[in-house]
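**Student:** mind looking at a prediction? Sequence and model below.
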Amino acid sequence: MTKLLLRALAGETLPIPPIWMMRQAGRYLPEYRATRAQAGDFLSLCYNPELAAEVTLQPIRRFDFDAAILFADILLIPQALGADLWFVTGEGPRLSTITGPADLARLRPADQIDARLSPIYETLRILTRELPAQTTLIGFAGAPWTVATYMVAGRGTKDQGPAHLLKDQDRATFSALIDLITEATIHYLSRQIEAGAEVVKLFDSWAGSLKGQDFDDFALAPARRIITALKARHPGVPVIAFPREAGDRYVGFGAAVGADCVALDNSVSADWAARHVQPGGCVQGNLDPRHMVTGGAELTAEAQRITRTLRHGPHIFNLGHGITPDADPDNVARMIDAVRSA
Ligand SMILES: Cc1c2[nH]c(c1CCC(=O)O)Cc1[nH]c(c(CCC(=O)O)c1C)Cc1[nH]c(c(CCC(=O)O)c1C)Cc1[nH]c(c(C)c1CCC(=O)O)C2
């Protein structure tokens, strides 16, 4: 009996879609907040295999999702490459910046990241033992463009301005940075698969700010390179690609990069995706995460509308982006009931 999530990823149309949620282990759960306090801070939690496995399991125990996603962060790769990384409470991540070739030269080679990342592989090994038999284990990394936007700016930005500037003014340095992250990501995801990840997901949260040729060069090409390398080393391990806010570039994206599933944000409509994206393969998404805060009849109606619209092809139910800290856990249970009874 193959796991439900793996069946959808293999292209099967199922009567009830498998369900999981981006950021399902997070601050909206009191048990997460307690474990995070025990760890001290967010990064200490990421690098503590026992506690990271514990928070990964919390939403599985509470909601019986079809998949568990490794608890870690996309910014651990920059740190493993030698960037400084810290989190400012209430503001988000801060990193040392990459402004030119000298900063790039100070980073470590892509194959030397394991010194820092080995606890992440240990978290996966613990999870392979502790997850219920029907739950699929998902590993992940940030896509090179999204990771580069944080490495260049040293923080999250609204318009990814600093990364665009480096890309446009010093293409050689910017491309070398993208290549380094691409190589590190291939290595990192390969190790995650060896440690027990059954599926991997590439988060390109800022893909939507790349237009035209830049989208081809910095969203599409690196994803294709990563997925091609992973498929050569680990045939049969499915990959989910998330080019968030790619708009009409969602069309054909899965085939172009070799992904088994494309994750939809909530700015595209399920109806449009059913007609233009799902014919190319499995889709995941796309409930607006604000429904996890507001709940009510609107949540039920939206979850059921998405489920019904995408039920004629392979579909994994998910949010269009991460659940937010102000979400009500009861709304998660309501969402699951709505999807399973749609
Ligand atoms: C851009 C990005 C990051 N991290 C991630 C992305 C891409 C997806 C997206 O667009 O959301 C991805 C991510 N971050 C986290 C995961 C774990 C798996 C999951 O539950 O989905 C994953 C897959 C945990 C996390 N990563 C972070 C938290 C909150 C940390 C805390 O406990 O304070 C969690 C649960 C911190 C983080 N990490 C990052 C930011 C901007 C922040 C701060 C935001 C905030 O403070 O709300 C970088």
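**Tutor:** Great, that's in hand.

**Student:** so where do the helices sit in the stretch 1-150 of the chain?
**Tutor:** Applying DSSP state H, counting those that start in this stretch to the stretch 1-150 of the chain gives helices spanning 4-9, 30-39, 42-46, 49-63, 76-80, 101-105, 114-130, 144-153.

**Student:** and those: which comes nearest the ligand?
**Tutor:** helix 42-46 (4.2 Å; CB to the nearest ligand atom). In this view, the C-beta of every residue, glycine as well, is placed from N, C-alpha and C.

**Student:** show me what that closest one is packed against.
**Tutor:** helix 30-39, helix 49-63, strand 85-88 (3 or more CB pairs under 8 Å, 6 or more residues apart in numbering; DSSP states H and E).

**Student:** nearest to Thr2, out of these?
**Tutor:** In terms of CB to CB, the element of those nearest to Thr2 is helix 49-63, at 18.4 Å.

**Student:** now check the closest one, is it near the ligand?
**Tutor:** No: Helix 49-63 does not reach the ligand (CB under 6 Å from any ligand atom); its nearest approach is 7.9 Å.

**Student:** tell me the mean pLDDT for that helix?
**Tutor:** Throughout helix 49-63, pLDDT has a mean value of 98.

**Student:** report the inter-axis angle for that helix versus helix 114-130.
**Tutor:** For helix 49-63 against helix 114-130, the angle by axes from the mean of the first three to the mean of the last three CA atoms, to 10 degrees is 40 degrees.

**Student:** now do helix 49-63 against helix 30-39, angle only.
**Tutor:** 170 degrees.

**Student:** which parts of the stretch 101-250 of the chain are strands?
**Tutor:** 136-142, 199-204, 239-243 (DSSP state E, counting those that start in this stretch).

**Student:** and these: which comes nearest the ligand?
**Tutor:** strand 199-204 (3.9 Å).

**Student:** could you say what helices and strands that closest one packs with?
**Tutor:** Using 3+ CB pairs under 8 Å, 6+ apart, strand 199-204 sits against helix 4-9, strand 136-142, helix 144-153, helix 171-194, helix 221-233, strand 239-243.

**Student:** quick one: average confidence on that strand?
**Tutor:** 98.

**Student:** circling back to that earlier point, including mean neighbour count, could the helices and strands packed on helix 42-46 go into a markdown table?
**Tutor:** Putting these into a markdown table (neighbours: other CB atoms under 10 Å) gives the following:
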| stretch | mean neighbour count |
| --- | --- |
| helix 30-39 | 15 |
| helix 49-63 | 20 |
| strand 85-88 | 14 |
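
**Student:** near the ligand, which residues of the stretch 1-150 of the chain are found?
**Tutor:** For the stretch 1-150 of the chain, the residues in contact with the ligand (CB under 6 Å from any ligand atom) are 22-27, 36, 42, 69, 71-75, 92-93, 140, 142.

**Student:** nearest to Gly295, out of the helices and strands packed on helix 42-46?
**Tutor:** Closest to Gly295 of the helices and strands packed on helix 42-46 is helix 49-63 (CB to CB; 15.0 Å).

**Student:** quick one: that closest one to chain centroid distance?
**Tutor:** Centroid separation for helix 49-63 versus its chain: 17 Å, with CA atoms, centre = their mean, to the nearest Å.

**Student:** quick check: buried residues in stretch 107-114?
**Tutor:** Under the neighbour-count criterion of 16 or more other CB atoms under 10 Å, stretch 107-114 has Leu107, Ala110, Ile113 buried.

**Student:** those residues into TSV, with extra columns for pLDDT and distance to Pro18?
**Tutor:** TSV is the format used below for the buried residues of stretch 107-114 (pLDDT from 0 to 100; distance: CB to CB, whole Å):
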residue	pLDDT	distance to Pro18
Leu107	98	38
Ala110	97	33
Ile113	98	31
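
**Student:** so which of the residues you listed comes closest to Val257?
**Tutor:** Ala110 (19.7 Å).

**Student:** among the helices and strands packed on strand 199-204, which comes closest to Asp337?
**Tutor:** helix 4-9 (16.8 Å).

**Student:** contacting residues for whatever residue of the stretch 201-342 of the chain ends up closest to the ligand?
**Tutor:** In the stretch 201-342 of the chain, no residue comes nearer to the ligand than Ser205, which is 3.2 Å away by CB to the nearest ligand atom. Counting by CB atoms under 8 Å, 6 or more residues apart in numbering, Ser205 makes contact with Gly142, Thr146, Phe242, Arg244.

**Student:** quick one, phi/psi of it?
**Tutor:** Dihedral pair for Ser205: phi -60, psi -30, per degrees, to the nearest 10.
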